[in-house]
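>>> sequence-free structure coming up:
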């Protein structure tokens, strides 16, 4: 095993960055310009998120993954438990589905965008978890395998602890996809920080509940941001579905009556 148990993840991260670099290198200039414009208009989300990524990278390089989990687990508090349980429930896809369903009333286009991005995020997460990294152990199973005394780990009552398919965190992928999509939609970009806090809270809740390692959530956030940004770019650029009815909602049908 490597020095801190995080270097295998860093190799995966390096591969992901290399693929993204090659993709951007072979993209048309208009694509790059439009993407930069989209990021700039939502800079109150992306700049703090970039700072969080740098901080997270420092943590991964300097602190063993077991120590990260132990520190988080030893800093769980009963008054915070309901908040993080609620955050993890938001990230399980129910909130995304509910949002997409409610949006039918206001805008068919936004509802379709939400369904498509949620579907893409979910499929990507399950493909990676169950087919690519299907042997990755969850924290509880990993600590047991290392011979750690599990009596020293605080597990919240009523939480079902999973053992397999740890990498990446599906909640973090869908959570950041959801929070960034909301950020793209809202006109008042002052809410961007609130959207970022939502995504970070969902990701942190998975470590708080002892369901995922730090690197699972770190990678999940990156995948969620990339998937949402690229999907939103193409859907918004093509205005798909390209039809007059898409800009209306179910409420418009009732207004006619």
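Now that the structure is in, tell me what you want to look at. This one's a predicted model, so the numbers in the text were calculated from it and none came from an experiment.
>>> quick one, what contacts residue 207?
Residue 207 makes contact with 68-69, 72, 213-214, 217, according to Cβ atoms under 8 Å, 6 or more residues apart in numbering. Yep, even glycine has a C-beta here, placed from its N, CA and C like the rest.
>>> let's see it at 10 Å
By Cβ atoms under 10 Å, 6 or more residues apart in numbering, the residues touching residue 207 are 68-69, 71-73, 76, 84, 139, 169, 172, 213-214, 216-217.
>>> remind me which residues of the stretch 1-150 of the chain are low pLDDT?
1-10 (pLDDT under 70).
>>> run the last query once more with 90
The stretch 1-150 of the chain contains residues with pLDDT under 90 at 1-37, 61-62, 65, 92-97, 99, 105-110, 132-136, 146-147, 150.
>>> helices or strands up against whichever strand or helix holds residue 72?
Element membership of residue 72 [criterion: DSSP states H and E] is helix 65-73. Packed against helix 65-73 by the contact rule (3 or more Cβ pairs under 10 Å, 6 or more residues apart in numbering; DSSP states H and E) you find helix 43-62, helix 139-145, helix 192-208, helix 214-238.
>>> repeat that with 8 Å
helix 139-145, helix 192-208, helix 214-238 (3 or more Cβ pairs under 8 Å, 6 or more residues apart in numbering; DSSP states H and E).
>>> and for the very next helix or strand once past the last one, what are the contacting residues?
Sequence order places helix 250-256 as the next helix or strand after helix 214-238, per DSSP H and E. Applying Cβ under 8 Å, 6+ apart, the contact partners of helix 250-256 are 104-106, 108.
>>> for the helix or strand hosting residue 34, buried residues please.
Per DSSP H and E, residue 34 falls inside helix 29-41. By neighbour count with 16 or more other Cβ atoms under 10 Å, helix 29-41 contains the buried residues 31, 38.
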